[in-house]
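Participant: Mind looking at a prediction? Sequence and model below.
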Amino acid sequence: VQLVESGGGLVQPGGSLRLSCTVSGSTFDTSGMSWARQAPGKGLEWVSGIHRDGSKDYADSVKGRFTISRDNGENTVYLQMDSLKVEDTAVYYCALGFYRNSWTKYDDWGQGTTVTVSS
């Protein structure tokens, strides 16, 4: 299984970015998907997840600002990030599965994409 993220970069506070994660080697449309992040000097934080039926959930820290979606035809999950804050700066990872912060249950991760929010 391979997960490849893209879309990170440098953005000013209040700006937007859209992250993508494309999955190969797995039955994407039967799997939940998650996004997690790790800020500099901090531990891993679960951000959002989406079940195969499209139901979704978010961490309180991003609720109302981030939107997760999936395209089963493209084997891709997205994270639209709006109203970005400095504290959103982190390496963002996608993972196969939807287990919130039960990290040991995730078997497959992407390589990460860096998001920097700074003026």
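Facilitator: Yep, it's here. Numbering: from 1, shown residues only.
Participant: So residue 85 is in contact with residue 117, correct?
Facilitator: Yes. Residue 85 is within contact range of residue 117, at 6.2 Å (criterion: Cβ atoms under 8 Å). (Each C-beta comes from the backbone N, C-alpha and C, glycine too.)
Participant: shared neighbours of the two, which are they?
Facilitator: Contact criterion Cβ atoms under 8 Å, 6 or more residues apart in numbering; residues shared by residue 85 and residue 117: residue 13.
Participant: between those two, who's got more neighbours?
Facilitator: The neighbour count for residue 85 versus residue 117, taken as other Cβ atoms under 10 Å, is higher for residue 117 (20 against 13).
Participant: tell me the contacts of the more buried one?
Facilitator: Contacts of residue 117 by Cβ under 8 Å, 6+ apart are 11-13, 15, 84-89.
Participant: Report the beta-bridge partners for it.
Facilitator: residue 11 (DSSP bridges).
Participant: ok, now residue 79?
Facilitator: Taking DSSP bridges, one finds residue 19, residue 68 as the beta-bridge partners of residue 79.
Participant: and what of residue 5?
Facilitator: Counting by DSSP bridges, the residues bridging with residue 5 are residue 21.
Participant: how near is it to residue 58?
Facilitator: From residue 5 across to residue 58, the span is 18 Å (Cβ to Cβ, to the nearest Å).
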